[in-house]
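**Student:** here is a sequence together with a model predicted from it:
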Number of protein chains: 4
Amino acid sequence: MQRMALVGAGFIGSVHAGNLAAHPGVDFALVYDVDPDRAQAVATRYGTVATTTIEDAFDPERIDAVFIASSTDSHADNLRRAADAGLAALCEKPIDKDLMAAIDVVDYVTARDGRVMMAFNRRFDRDYGALQRAVAAGDVGDVELIQMTSRGPVVPPLDYIKVSGGIMRDSAVHFFDLTRFIAGADPVEVFASGSALADPRIAQYDDVDTSAAILKLPSGAIVQIDSVRRTAYGYDERIEVMGSGGLIEAGRHVTGTVSRYGANSVVANGMPAGWFERVQPTYAATLDIFVTSVETGSPFSPSLTDGLKAQAIAEAATRSLTSGRSETISYPTPRAE
Amino acid sequence: MQRMALVGAGFIGSVHAGNLAAHPGVDFALVYDVDPDRAQAVATRYGTVATTTIEDAFDPERIDAVFIASSTDSHADNLRRAADAGLAALCEKPIDKDLMAAIDVVDYVTARDGRVMMAFNRRFDRDYGALQRAVAAGDVGDVELIQMTSRGPVVPPLDYIKVSGGIMRDSAVHFFDLTRFIAGADPVEVFASGSALADPRIAQYDDVDTSAAILKLPSGAIVQIDSVRRTAYGYDERIEVMGSGGLIEAGRHVTGTVSRYGANSVVANGMPAGWFERVQPTYAATLDIFVTSVETGSPFSPSLTDGLKAQAIAEAATRSLTSGRSETISYPTPRAE
Amino acid sequence: MQRMALVGAGFIGSVHAGNLAAHPGVDFALVYDVDPDRAQAVATRYGTVATTTIEDAFDPERIDAVFIASSTDSHADNLRRAADAGLAALCEKPIDKDLMAAIDVVDYVTARDGRVMMAFNRRFDRDYGALQRAVAAGDVGDVELIQMTSRGPVVPPLDYIKVSGGIMRDSAVHFFDLTRFIAGADPVEVFASGSALADPRIAQYDDVDTSAAILKLPSGAIVQIDSVRRTAYGYDERIEVMGSGGLIEAGRHVTGTVSRYGANSVVANGMPAGWFERVQPTYAATLDIFVTSVETGSPFSPSLTDGLKAQAIAEAATRSLTSGRSETISYPTPRAE
Amino acid sequence: MQRMALVGAGFIGSVHAGNLAAHPGVDFALVYDVDPDRAQAVATRYGTVATTTIEDAFDPERIDAVFIASSTDSHADNLRRAADAGLAALCEKPIDKDLMAAIDVVDYVTARDGRVMMAFNRRFDRDYGALQRAVAAGDVGDVELIQMTSRGPVVPPLDYIKVSGGIMRDSAVHFFDLTRFIAGADPVEVFASGSALADPRIAQYDDVDTSAAILKLPSGAIVQIDSVRRTAYGYDERIEVMGSGGLIEAGRHVTGTVSRYGANSVVANGMPAGWFERVQPTYAATLDIFVTSVETGSPFSPSLTDGLKAQAIAEAATRSLTSGRSETISYPTPRAE
């Protein structure tokens, strides 16, 4: 039974709270938020204790592991706190919006033998996991072409866009990580192109809302990723991996199996209304893997280095958006992991 | 907040326990089972109190509503207890295996203004609900043909078969209820045919494991229902409703969206391994409707009468299996509801 | 190169004419129709010779094989003519609407070593053929349940209904034949139920337009067939075969692969507008098999006996529509084949 | 009735011959090929006349329109011949492999008021036509993202690769044309990336077999096109168009509707074995549009200018493959059309 603290009780923190409460291997010991009311609300709903003192969440007398779901700008500090306390940590991405700052954190944590798993939850999607295992098992032969789609459904508020770091760092980064996860290789270059079509005001922040990127893997294999902020048809994700031996695809999700046959058409259920409906099951799966890793002492995956690498790809993609050329990806080298 | 007791902590009782614990409108006050250990296990897991005294579960001082998930032969007694105590009850089907005994219970409960909802959980399946609403809204015009499939995946143990009342009463009954629910009409006659193919020993109990039935509605519309105990491909349910204005279908469920394209085939995810994986979400939905009905005082649906009527169809279908002819369905007339 | 005559130049005769003209192994030598203009129109369109003398079509000096696509009431005479002339014949179903008369024809043809293939074209549907081969190869193990759907889209004119022999003989008969073809066994009993819902005037001819039937095979396996004259959603055929080892299905056809994703739905192409669009490719395939059989001297399949057996099932099904009980099917025994 | 000559009786010429013979509005008057035997074989099979004199095919006394299906290096000469003779021409792509030479031809033909339709047959694919009409009708709102896939199944012989002009000019060019057709706009820039993975020897001809391209439309809309020479799963084409109002997709084709349900999977029909099986119906559709345009005097579409523009995109894409940057597309300006 792992005694776990939750740091951060916003929307996604509440989701994690539900999963912490329901996990048979977790003693949901404590919740902290900068807003005491939010922490208390979660505590009441899920039968745990709220604290207004962040140090409580990193107290090794009471806590074995911490779930860091606080605001992005506090990830770095909280990762350092966990490392100082010798606690295992499950951390929302990114490590830090600034890649150089993120490298510093990784160095700090690594020097203290910190144990951190990055919560790239899409790795734990049922279907993407099946893809990764199939590719790793050689089911499609050598990977030659990967196509990923990540779309919508709503442009975030401009206040969010402004500080998001741009679509590559904020949104495509999940799929940069999935590229590495599924292909089992680090892309070497990336080209990206985009426009602000859904909300032209986004352009004033040097950002786009409709984009496509082409990456090249060391083998020469090609990866296409389209990232779009707004759709009129719900939230849309899909991945296909073509190799020398065949194709494997994780298709679109729909909200039911009902079909209506009319005179000239068949009308079926549409796509999930939002990203949350689509990826919700991945959060519990991510927590479950984390708990298992803590219990068994097996390596945390995705690791901090995985977090850094996804960010490094996003950096190069962001440069390409303005340079108009394919950018070489340079991966950071933390002192060790 | 409804204070609810759970009577019955077997497999399905445990499922209900999880839903009772998670429902924000329910105070899961108490659990009873004939086996104290089972009750205690559920109490420990879901943070409630176990009792060894069944009367506790029907104590109006402590309890507002009871979930009757005990063994079939105790349903009748527990329905009477709830009526005596003036508690609302959510009851697993059937009311009683014996239709005459079931009618007696309904009379008893009705005389005491009992409030009972029958837990025909498939009515609360997301896709079947969509069918029902579409039909009720006239989306397919006048209903002309309904096709229902209910299959597998495993023949129950012979000890269960022996006392099950046969495939029509035990399994097809869910679809007899769905027929009434979706068509909004009571079938007038039924023909059924079947064989013991999966396990020929079933024949010695005058039962079959592979069957099909044809019902006729008062309008002349035709309903086909195939009920099969064993499949080699998982659990398979589907319904389609054809009307004068089109067709609506609730299709097969599969376990994911992964497809593998090979030289001459596309291999996709298969069907759910068992009935439980397929219908699991319907249990929480059923409870939710019950709680809402209790809170709002709206009529309970499906009602005891619905329960009797589904049983009456099963009786006629069972007769038809041996008579070789279409049997008229006679619905019981309890004194009132 | 087989010199072939076409007898009958109505709608379906014209379809056969196009296939005769296009088949590289056929010399489309001659066309006859009771209406000389129709024969001439086909002759002009497809570059062959029209005749007003039916004997020309059965002249062994000029003709090797005859395609009998004339009106149903002339099938018997034309089959006798082909037998007298020693010509191979491909004959539209039925042999004769009257089962006793049909038996007489078969006896007559058999006594003269006549070579006849019945044009049950659905046996040569790409997908149904795949089902038959899969079942024959044991891919689904022992057959346990077959579900067939045959629907719409339009109620034929009442003048046609009046002389059609009823829905079982006229429409379901194709699927009675497919049952034998796919299951490789002769059903032993059949129950049928139906109503006149699409056009209540059909009832005055003791016929129905919406029906379902349950057949039992010697093994105890169950077959469900729904036959419906009218749909609001195009022409609908599908077959599934469940066995002890799995399920194989020939699914619905749609008219294209276009899908439109909107806010809450995916709208895809609908079903074929009519039966002809759905089954068109089967006609050329049927002709091709016939030509191959003539060239190689291999047995004709489906045979006259197959034609008689499908009719015999339709007879029993027609009786059941009014008797309300499962009828035993008695197969005719022609002297030999 | 248009008197038509076919110039070129190779594989694809033979396909056109069958369509010319079957089209009710065409008098298939003559066939020419540099190889007299090939011309004769086609003439015999389809009941027309073979000639060894190419001038016969452009003789306005005998011919109204010419189908130019000869080898690519003779397209230019044959287009000039048709213009000189005042004949309408349906011409296989490209006009000439060399873009400058192609511009000269267009100038020549235009000066003589030549009437030419380019045989970009994919425009006449049933499903792609539906996409184009839907987009033109505003069904998806403003186009924002197009995704096109064109794959396999087999790497052509190296002798072909050597003279093909590369994957962008030879293969992707169809989809560059479809981009203009469906989006109704001329892309302004293109980035392309690729590798020789299926057959590394292709690299020695500065060509690739696995590629992806990103184009930008004047509106800022993004187009992704992946072109791959080799697949292990048959021939694969699909297109999706996302706009501000929804998504429309022309999905993968499969070879049938058969599904096999097994313990953990559903195995369905795979994709077409080759490109020909997939696109075959488009040839007759292309011819039909041409004949209608000739008969009605309506403008030929796609026009010679359409042919030039698709080539111009391919030129820029080819440059990008080596430059590593997004290339501006400069469209040729023929004197007039």
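**Tutor:** Structure received. Residues are numbered from 1 along each chain as shown, chains lettered A, B, ... in the order given.

**Student:** which non-adjacent residue is nearest A:D209?
**Tutor:** In this structure, A:D209 finds its nearest non-sequential neighbour in A:R229, 3.9 Å apart by Cβ to Cβ, 6 or more residues apart in numbering or on different chains. Bear in mind the C-beta positions are built from the backbone N, C-alpha and C, glycine included.

**Student:** so which bits of chain A are right by chain C?
**Tutor:** A:232-234, A:236, A:254-255, A:261-271 (Cβ under 8 Å from any Cβ of the partner chain).

**Student:** re earlier: ok, now which ones touch the residue nearest to A:D209?
**Tutor:** Shown in contact with A:R229 (Cβ atoms under 8 Å, 6 or more residues apart in numbering or on different chains): A:152, A:154-156, A:167, A:171, A:198-199, A:202, A:209-210.

**Student:** which helix or which strand is home to the residue sitting furthest away from the middle of chain A?
**Tutor:** Centroid-distance maximum for chain A: A:A263 at 43.3 Å, with Cα atoms, centre = their mean. Assigned by DSSP states H and E, A:A263 belongs to no helix or strand.

**Student:** from what I see, it and C:T255 are in contact.
**Tutor:** No - look at A:A263 against C:T255 with Cβ atoms under 8 Å: they stay out of range, at 11.4 Å.

**Student:** overlap in contacts of those two?
**Tutor:** Common contact partners of A:A263 and C:T255 (Cβ under 8 Å, 6+ apart): C:G270.

**Student:** quick one on the thing from earlier: also near chain B: which of the residues of chain A next to chain C, exactly?
**Tutor:** Answer for these near chain B (Cβ under 8 Å from any Cβ): A:261-263.

**Student:** out of the residues you listed, who's nearest C:T322?
**Tutor:** Closest to C:T322 out of these is A:Y261 (31.4 Å), distances taken as Cβ to Cβ.

**Student:** for chain B, what are the nearby residues on the stretch 51-200 of chain A?
**Tutor:** Residues of the stretch 51-200 of chain A lying near chain B by Cβ under 8 Å from any Cβ: A:126-127, A:130-131, A:134, A:139-140.

**Student:** which among these end up buried?
**Tutor:** For those, a neighbour count by 16 or more other Cβ atoms under 10 Å in any protein chain shown gives the buried set as A:127, A:130-131, A:134, A:139-140.

**Student:** so the residue in the stretch 1-150 of chain A that chain D sits nearest to: helix, strand or coil?
**Tutor:** In the stretch 1-150 of chain A, the residue that lies nearest chain D is A:E144 (5.0 Å; Cβ to the nearest Cβ). Three-state call for A:E144 (DSSP: H, G, I helix; E, B strand; the rest coil): strand.

**Student:** same question, A:A268
**Tutor:** Here A:A268 takes the strand state, with states given by three-state DSSP.

**Student:** how near is it to C:R260?
**Tutor:** In this view, A:A268 and C:R260 are 11 Å apart by Cβ to Cβ, to the nearest Å.

**Student:** measure stretch A:1-10 end to end?
**Tutor:** Using Cα to Cα, to the nearest Å, one end of stretch A:1-10 lies 25 Å from the other.

**Student:** quick check: buried residues in that stretch?
**Tutor:** A:2-10.

**Student:** and for stretch A:31-47?
**Tutor:** A:31-33, A:38-43, A:46.

**Student:** B:I222: which of these is nearest?
**Tutor:** Out of the buried residues of stretch A:31-47, the member with the shortest distance to B:I222 (by Cβ to Cβ) is A:Y46, at 50.9 Å.

**Student:** for the stretch 201-337 of chain A, just list every one of the strands.
**Tutor:** Taking DSSP state E, counting those that start in this stretch as the criterion, the stretch 201-337 of chain A carries its strands at A:210-216, A:222-228, A:236-243, A:246-250, A:258-261, A:265-269, A:327-328.

**Student:** OK, contacts around the residue of the stretch 1-150 of chain A closest to chain D?
**Tutor:** For A:E144, the contacting residues are A:221-222, A:242-244, D:197-198, D:210, D:228, by Cβ under 8 Å, 6+ apart.

**Student:** any residues in contact with both of A:A268 and C:R260?
**Tutor:** Counting by Cβ under 8 Å, 6+ apart, the residues touching both A:A268 and C:R260 are C:266-268.

**Student:** can you list the weak-confidence ranges in chain A?
**Tutor:** Residue ranges of chain A with pLDDT under 70: A:334-337.

**Student:** now do the contacts for the one residue in the stretch 201-337 of chain A that gets nearest to chain D.
**Tutor:** Here the stretch 201-337 of chain A gets closest to chain D at one residue, A:G220, 3.1 Å apart by Cβ to the nearest Cβ. With contact set as Cβ under 8 Å, 6+ apart, A:G220 has these partners: D:195-197, D:210.

**Student:** let me see the contact set for the spatially most central residue of chain A.
**Tutor:** Residue closest to the average C-alpha location in chain A (Cα atoms, centre = their mean): A:F120, at 3.4 Å. Counting by Cβ under 8 Å, 6+ apart, A:F120 makes contact with A:93, A:174, A:177-178, A:181, A:286, A:302, A:306-307, A:310.

**Student:** let me know how buried A:S164 is, in neighbour terms.
**Tutor:** 18 (other Cβ atoms under 10 Å in any protein chain shown).

**Student:** tell me how far it lies from A:D209.
**Tutor:** 11 Å.

**Student:** nearest spatial neighbour of A:L158, chain-adjacent residues omitted?
**Tutor:** Excluding the flanking residues, the one nearest A:L158 by Cβ to Cβ, 6+ apart is A:R201, at 6.2 Å.

**Student:** and what of A:S193?
**Tutor:** That would be D:I214: by Cβ to Cβ, 6+ apart, it lies 5.0 Å from A:S193.

**Student:** before we move on, the earlier item: distance to D:A85 added to the strands of the stretch 201-337 of chain A, as CSV?
**Tutor:** Formatted as CSV, the strands of the stretch 201-337 of chain A follow (distance: least, Cβ to Cβ, whole Å):
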stretch, distance to D:A85
strand A:210-216, 47
strand A:222-228, 47
strand A:236-243, 47
strand A:246-250, 48
strand A:258-261, 53
strand A:265-269, 47
strand A:327-328, 55
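
**Student:** for C:T110, which of the ones you listed is the nearest?
**Tutor:** With distances scored as Cβ to Cβ, the stretch of the strands of the stretch 201-337 of chain A nearest to C:T110 is strand A:258-261 (45.1 Å).

**Student:** does chain D sit close to that closest one?
**Tutor:** No - figure legend: strand A:258-261 not in contact with chain D (Cβ under 8 Å from any Cβ); closest approach 14.7 Å.

**Student:** could I get that strand in CSV with only the CA atoms?
**Tutor:** The C-alpha coordinates for strand A:258-261 follow below in CSV (Å, rounded to 0.1, in the frame of the first residue of the first chain):
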residue,chain,number,x,y,z
VAL,A,258,-25.6,3.0,-33.1
SER,A,259,-26.2,3.3,-36.8
ARG,A,260,-29.2,4.7,-38.6
TYR,A,261,-29.9,3.4,-42.1
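
**Student:** quick one: list the elements packing against that strand.
**Tutor:** With contacts taken as 3 or more Cβ pairs under 8 Å, 6 or more residues apart in numbering or on different chains; DSSP states H and E, strand A:258-261 sits against strand A:265-269, helix B:126-136, strand B:246-250.

**Student:** now do the second one: distance to the chain's middle.
**Tutor:** The one in question is helix B:126-136. In terms of Cα atoms, centre = their mean, to the nearest Å, the centre of helix B:126-136 is found 17 Å from the chain centre.
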